[in-house]
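Engineer: Curious how this folds, go ahead:
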Amino acid sequence: MKFSKFGQKFIQPTGISQLMDDLGDALKSDKPVNMLGGGNPARIEAVNELFLETYQALGNDGSFCEDINSTATSSMANYSNPQGDAGFIDALVGFFNRHYDWNLTSENIALTNGSQNAFFYLFNLFGGAFVEEKDSEEQTIDKSILLPLAPEYIGYSDVHVEGQHFMAVLPHIDEVTHDGEEGFFKYRVDFEALENLPALKEGRIGAICCSRPTNPTGNVLTDEEMAHLAEIAKRYDVPLIIDNAYGMPFPNIIYSDVTLNWDDNTILCFSLSKIGLPGVRTGIIVAAPEVIEAVSAMNAVVNLSPTRFGASIATPLMKNDAIKDLSDNDIKPFYQQQAKTAVALLKKELGDYPLSIHKPEGAIFLWLWFKDLPISTSELYETLKEKGTLIVPSEYFFPGVDISDYKHAHECIRMSIAADEQTLVDGIAVIGEVVRGFYDKVK
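Structural biologist: Predicted coordinates for the structure are as follows:
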């Protein structure tokens, strides 16, 4: 059977497809697996209880099956319009204006079937072939999505319909302390390299995008870095896209003292996944009306309309601020403690070996750098998988960068901290044993 060029692109092996396949295989395995590789959020009792109560309340009042003339926002019996569930969008408008005074209207928000769906839309809207007029003639320009700080999210790499349209800047790497301890580092944006990119000056950048906190590293760009990126985006008349899946105000897995800003040149992307609802696939885009209109049009073609299940659960929690209280008082403290536990276990297992940990500033991962590791972390991944422990190797996290001669990109792993404590203990013990063995062989 023959597939189109479009089909051929999407059936090729990718980092995200391998990750999801391995996670699925692990869930089906009859052997215990230390799940330290995926992005699934933790099971937090307070979170599960609140969602269950909300779900049951929606079922009890009959609003899942209201008739077609009803205005009930939680109705499962009807499609929403392509922009998404109107009641949830109104609740989001009220929430953001209440907490941030952004003066949003319903024209500033669209829903998608998860953040991955949102980035498929946005990266194809702003990256790829553009037809522009110059000297009264049309010309085609290929534009890229600029990632100002690599490494970046594994799921970005293959979302373009045709080819890959990314350009990334490698980071400054600073050695830092954390909680008074050494053995940590932090990535910072190399603004000199960024501002000197010929592609920016030549009009070959369609948008700038960053995640905050960053998946995979847990890095949080400072307010100063964000302001500088926003200024560059405005100067070159391109949008600044911010992946806020782990950030403020929900799930608020962010430990730095930073602020969240929005203007009509900024596209903010949120998700219900990391507050504990990954299965409902609900993404949220806050942007200028023309972007929302484009996303809504794409929704109509690709999905007819976004799913309403997540919107139904989240609407009352957005209206009464329960979602913010849950994020501030349960979700953030949980992951902050998980990070401390995981760091202590790693120091115990590899304290005398060349391990450096990216300073934990947020998200649900630790990013581990094994300096001068005698094998690549792709090989380390395979060895660990054989021993029943899943992580993600660093090679997949550098879209837009030729890493063939960039040693650092082959020396890191992403490790989830969302697992229960026993899985952290067991998984980190396996990582320690295997990594020590590889270092010891070359002593």
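
Engineer: CA only for contacts and neighbour counts going forward, please
Structural biologist: Fine.

Engineer: show me where pLDDT drops low in this protein?
Structural biologist: Flagging of the chain using pLDDT under 70 yields the residue ranges 15-16, 18-20, 22-30, 59-76.

Engineer: all helices for the stretch 101-250 of the chain, in order.
Structural biologist: Applying DSSP state H, counting those that start in this stretch to the stretch 101-250 of the chain gives helices spanning 115-126, 191-195, 198-201, 223-235.

Engineer: Buried deepest among those, which one?
Structural biologist: Of those, the one with the most neighbours on average (mean count of other C-alpha atoms under 10 Å) is helix 115-126, at a mean of 20.

Engineer: From the rest of the structure, what touches it?
Structural biologist: 112, 143-145, 155-156, 159-161, 206-207, 245, 269-271, 281-285, 295, 298 (C-alpha atoms under 8 Å, 6 or more residues apart in numbering).

Engineer: Of the residues you listed, just the buried ones, PyMOL syntax please.
Structural biologist: In PyMOL, this line selects whichever of those come out buried by 16 or more other C-alpha atoms under 10 Å:
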select buried, resi 112+143+144+145+155+156+159+160+161+206+207+245+269+270+271+281+282+283+284+285+295+298
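
Engineer: for the helices of the stretch 101-250 of the chain, which one sits closest to Cys412?
Structural biologist: helix 191-195 (22.8 Å; C-alpha to C-alpha).

Engineer: chain center to that closest one, what's the gap?
Structural biologist: 24 Å (C-alpha atoms, centre = their mean, to the nearest Å).

Engineer: Alpha carbons only: can I get it in PDB?
Structural biologist: These are the backbone C-alpha positions of helix 191-195, laid out as PDB (Å, rounded to 0.1, in the frame of the first residue of the first chain):
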ATOM      1  CA  PHE A 191      21.000  36.600  23.400                       C
ATOM      2  CA  GLU A 192      24.100  37.700  21.500                       C
ATOM      3  CA  ALA A 193      23.900  34.600  19.300                       C
ATOM      4  CA  LEU A 194      20.100  35.000  19.000                       C
ATOM      5  CA  GLU A 195      20.200  38.600  17.900                       C
END
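
Engineer: circling back: just send the helices of the stretch 101-250 of the chain back as JSON lines, with distance to Cys412 too.
Structural biologist: Formatted as JSON lines, those follow (distance: least, C-alpha to C-alpha, whole Å):
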{"stretch": "helix 115-126", "distance to Cys412": "24"}
{"stretch": "helix 191-195", "distance to Cys412": "23"}
{"stretch": "helix 198-201", "distance to Cys412": "29"}
{"stretch": "helix 223-235", "distance to Cys412": "24"}
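
Engineer: which one of these lies closest to Arg308?
Structural biologist: The closest of these to Arg308 is helix 115-126. By C-alpha to C-alpha, the value is 15.0 Å.

Engineer: May I have the closest one as PDB, with CA atoms only?
Structural biologist: Output in PDB follows, covering the C-alpha atoms of helix 115-126 (Å, rounded to 0.1, in the frame of the first residue of the first chain):
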ATOM      1  CA  SER A 115      -1.500  21.100  23.700                       C
ATOM      2  CA  GLN A 116       0.100  18.800  21.000                       C
ATOM      3  CA  ASN A 117      -2.900  19.600  18.800                       C
ATOM      4  CA  ALA A 118      -2.400  23.300  19.500                       C
ATOM      5  CA  PHE A 119       1.200  23.300  18.500                       C
ATOM      6  CA  PHE A 120       0.500  21.300  15.300                       C
ATOM      7  CA  TYR A 121      -1.800  24.200  14.400                       C
ATOM      8  CA  LEU A 122       0.500  27.100  15.500                       C
ATOM      9  CA  PHE A 123       3.700  25.700  14.000                       C
ATOM     10  CA  ASN A 124       2.000  25.200  10.700                       C
ATOM     11  CA  LEU A 125       0.400  28.600  10.800                       C
ATOM     12  CA  PHE A 126       3.800  30.300  11.400                       C
END
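
Engineer: if we can go back for a sec, which one of the helices of the stretch 101-250 of the chain lies nearest to Glu137?
Structural biologist: Smallest distance to Glu137 across those (C-alpha to C-alpha): 20.5 Å, for helix 198-201.

Engineer: Could you list the residues in contact with that closest one?
Structural biologist: 205, 236.

Engineer: and Met318, how many neighbours?
Structural biologist: Met318 has 20 neighbours, counted by other C-alpha atoms under 10 Å.

Engineer: what's the answer for Glu386, then?
Structural biologist: A count of nearby residues for Glu386, using other C-alpha under 10 Å, gives 11.

Engineer: ok, now His172?
Structural biologist: 12.

Engineer: ok, now the one 3 residues further on?
Structural biologist: When counting by other C-alpha under 10 Å, one arrives at 14 neighbours for Glu175.

Engineer: Kindly report the same for Phe51.
Structural biologist: Residues near Phe51, counting by other C-alpha under 10 Å, number 17.

Engineer: With Glu137 instead?
Structural biologist: Residues contacting Glu137 under the criterion other C-alpha under 10 Å number 7.

Engineer: what about it, distance to Gly39?
Structural biologist: Look at Glu137 and Gly39: by C-alpha to C-alpha, to the nearest Å, they are 47 Å apart.

Engineer: what does Asn124 give?
Structural biologist: When Asn124 is compared with Gly39 (using C-alpha to C-alpha), they lie 24 Å apart.

Engineer: same deal with Ile205?
Structural biologist: With C-alpha to C-alpha as the criterion, Ile205 and Gly39 are 29 Å apart.

Engineer: Please identify which of those two sits among more neighbours.
Structural biologist: The neighbour comparison of Ile205 against Gly39 (other C-alpha under 10 Å) goes to Ile205, with 28 against 22.

Engineer: Which strand or helix spans the closest residue to Leu350 other than its chain neighbours?
Structural biologist: Among residues not flanking Leu350 along the chain, Gly432 sits closest, at 6.0 Å (C-alpha to C-alpha, 6 or more residues apart in numbering). Following DSSP states H and E, one finds Gly432 within helix 421-441.

Engineer: got the buried residues for that helix?
Structural biologist: 423-432, 434-436, 439.

Engineer: Likewise for stretch 361-378?
Structural biologist: Under 16+ other C-alpha under 10 Å, the buried positions of stretch 361-378 are 361-370, 373, 376-378.

Engineer: again with stretch 295-302
Structural biologist: Here stretch 295-302 shows 295-299 as buried, counting by 16+ other C-alpha under 10 Å.

Engineer: just how off-centre is it within its chain?
Structural biologist: For stretch 295-302, the distance to the chain centre is 22 Å (C-alpha atoms, centre = their mean).

Engineer: List the contacts of it.
Structural biologist: With C-alpha under 8 Å, 6+ apart as the test, stretch 295-302 has contacts from 82-84, 110, 112, 121-122, 305-306.
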